[in-house]
Structure formats: structure tokens, C-alpha cells
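In: sharing a sequence plus its predicted fold:
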There are 2 protein chains.
Amino acid sequence: MDCGGNKIGGSDRGGPCGACKFLRRKCVKGCIFAPYFDSDQGTAHFAAVHKVFGASNASKLLMRIPAHKRLDAVVTLCYEALSRARDPVYGCVGHLFALQQQVCIYISLTPILSLIFPSSLYLYLSYLLFFLIGHQRFLCV
Amino acid sequence: MDCGGNKIGGSDRGGPCGACKFLRRKCVKGCIFAPYFDSDQGTAHFAAVHKVFGASNASKLLMRIPAHKRLDAVVTLCYEALSRARDPVYGCVGHLFALQQQVCIYISLTPILSLIFPSSLYLYLSYLLFFLIGHQRFLCV
């Protein structure tokens, strides 16, 4: 996921970046969003970021981060924003709960499986169980 | 974590709620933040939410959610905001990555441990490993 971004700023490409396109403003040289939000898919991703964090807060956050870390920050902001759009109550914290629950179920079932079954069958069952629980949990969240 | 909240609105208690105290505004009856941010610890939590999401975005989000789900939403917003304050680049997505990595390491080491050690020792080692990796990962993130 690169938030529809590219390494050329919107203004260098003759058109606004996805963020400036969404905000209907001129994309100036050095626009903080331009390297990460292109005018295609980047617009939709920026819309989510804008709705959840606000353009001003996202911009301030990126300005405080070293340039080489900004892409990671944009990716995580997009992830949080899109998760919150899908699930307004829990957002991406819902994924975190699901993953923790998955780990807890796996850990609690490990002793039972390993005592009942010989190691090879146990291994097969534990893998199967892990992926089944994981699949089910992430479908529910 | 209850975001320093209580079930009595700030205005009912004779003083502003934590959000209105932070925003230096009058806490009116029916304030959307009052049931969740008290004037003590709630102020600090609201400050983080305000910095990351903005008061207006947080308020809009809560207004769209049924009342009985708002406490959960406030808790997850506080969690995301405080995580972003601690780690501006990754925020709570850093915890998600760490947990996923922890699960991957655990899964990849399971076959080796179960083949080398008898079941009781294997169990002890796998639990130890799991919590050591978890502890280390969460200290790093």
C-alpha cells in the first residue's frame, strides 16, 4: 500500500496531487502531501485521512517527522483512516483485539492438543486451527 | 481505560468536562464529550484526541455512532491518539505489526521445538519463548 502515491509531487506533474485535488486548492511546489497521494487512487485515500484526522492535523504530523519516515507515517495514517471508515466504533483497534484474541485461543489450546496427539498430528492440527481461527476472526472484524 | 470518564456530564457536576476544560469553552447540557472525559484525567486524554483527530472530527464521529457504542469508540480513539503521541510514525499500527511478527515467529519456531523436545518440556519452552518475544517486541515498539 503506497496510498496511491508516487515520488513526483503533484505540481511537478502539471496537475494537483490527490490531496490538493480533494481539497480543491492549488498544489504548490513542496506540498507535503504530493509525494504520497497521486491524483488517482491517492484522492480516495486522502479523503479518508481528511475525514478522520483532518488535513491540518495530518500535515502537522508529517511536518514533525523526518522526510525518510513520512511514507511509513502516511501508510499507517491511511490504514487507520480506512479502518475507522469501515468500523467507526473500533477502527484498527478492532484488528488488534482480534489478533490478541487469536493468540490467546491458540495459546490456551496448545497444551490440550500437544498432550492428546502425537507431535506430527498435533502440528498439523495446531496449524489448521490457527489459520481457521485467524480467518474467522478477521472475517468478523 | 475509561479516558478518565464518568457517567455524569461535565455541566451536571457544576464544572466543565475534560474536553470543554481543554477547549476553554462552556460545557453545555448534552455535551457529546462530557460522559467520557472528566475534568481530571479526561483533560489529558482529550488533549491527545484533539491533537491527532481534532475536536470537530471526534465529535462528528461520536454523533454518527449509537449512544451505547460511544464509550467503546472513545476508548479506541484515546488508544489510537495516545499511541500516535508515543510513536508519531507508526502509532497503534506499530503494535499491530509487532503482534503479527510475534505470531509469525511463534508459528515458525513451533515445529522445531515440538520435534526436538518431549511434550512437557516443549510446552514450557514455547510458553517461555512466546512471552519473551512478546515482552521484547512491545518494549521495542
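Out: Yep, that arrived. Residues are numbered from 1 along each chain as shown, chains lettered A, B, ... in the order given.

In: tell me the buried residues in stretch A:21-28?
Out: For stretch A:21-28, the neighbour count (16 or more other Cβ atoms under 10 Å in any protein chain shown) marks A:21-23, A:27 as buried. Every C-beta, even on glycine, is put in place using the N, C-alpha and C of the backbone.

In: distance to chain B, pLDDT and secondary structure added to those, as CSV?
Out: Putting the buried residues of stretch A:21-28 into CSV (distance: Cβ to the nearest Cβ, whole Å; pLDDT from 0 to 100; DSSP: H, G, I helix; E, B strand; the rest coil) gives the following:
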residue, distance to chain B, pLDDT, secondary structure
A:Lys21, 21, 94, helix
A:Phe22, 15, 95, helix
A:Leu23, 15, 95, helix
A:Cys27, 23, 93, coil
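
In: now for those: which two are most distant?
Out: Farthest pair in these (Cβ to Cβ) is A:Phe22 and A:Cys27. Separation: 10.8 Å.

In: turn the buried residues of stretch A:21-28 into CSV, columns for distance to B:Arg84.
Out: Converted to CSV, those look like this (distance: Cβ to Cβ, whole Å):
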residue, distance to B:Arg84
A:Lys21, 26
A:Phe22, 22
A:Leu23, 22
A:Cys27, 26
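
In: now do A:Arg86 against A:Gly94, distance only.
Out: 9 Å (Cβ to Cβ, to the nearest Å).

In: of those two, who's got more company?
Out: A:Gly94 (19 against 13; other Cβ atoms under 10 Å in any protein chain shown).

In: so what's the backbone phi/psi at the more buried one?
Out: Backbone torsions for A:Gly94, taken as degrees, to the nearest 10, come to phi -60, psi -40.

In: go on, A:Gly30?
Out: Residue torsions, per degrees, to the nearest 10, at A:Gly30 are phi 90, psi 10.

In: how far away is it from chain B?
Out: For A:Gly30, the distance to chain B (Cβ to the nearest Cβ, to the nearest Å) stands at 20 Å.

In: could you count how many residues lie near that residue?
Out: With other Cβ under 10 Å as criterion, A:Gly30 counts 8.

In: by mean pLDDT, flag the weakest helix or strand of chain A.
Out: Least confident helix or strand, chain A: helix A:119-140 with a mean of 56, by mean pLDDT, DSSP states H and E.

In: which residues in chain A form helices?
Out: Counting by DSSP state H, chain A has helices at residues A:18-23, A:41-52, A:55-63, A:70-86, A:93-116, A:119-140.

In: contacts made by the shortest one with the rest, please.
Out: Helix A:18-23 is contacted from outside by A:4-5, A:10, A:15, A:26-27, A:31, A:33-34, A:37-47, A:50, A:55, using Cβ atoms under 8 Å, 6 or more residues apart in numbering or on different chains.

In: returning to what we had before: among the buried residues of stretch A:21-28, which one lies nearest to B:Asp72?
Out: Using Cβ to Cβ, these come closest to B:Asp72 at A:Phe22, 29.4 Å.

In: surely A:Asp87 meets A:Phe97?
Out: No - contact criterion Cβ atoms under 8 Å: A:Asp87 and A:Phe97 do not qualify, at 10.9 Å.

In: residue ranges in chain A under the pLDDT threshold?
Out: Where chain A drops to pLDDT under 70, the residues are A:1-14, A:106-141.

In: please redo it, this time with the cut-off set to 50
Out: A:1-12, A:136-141 (pLDDT under 50).

In: buried only: go through the contacts of helix A:18-23 for me.
Out: Looks like the contacts of helix A:18-23 have A:4-5, A:10, A:27, A:31, A:33-34, A:37-39, A:42-43, A:45-47, A:50, A:55 buried, using 16+ other Cβ under 10 Å.
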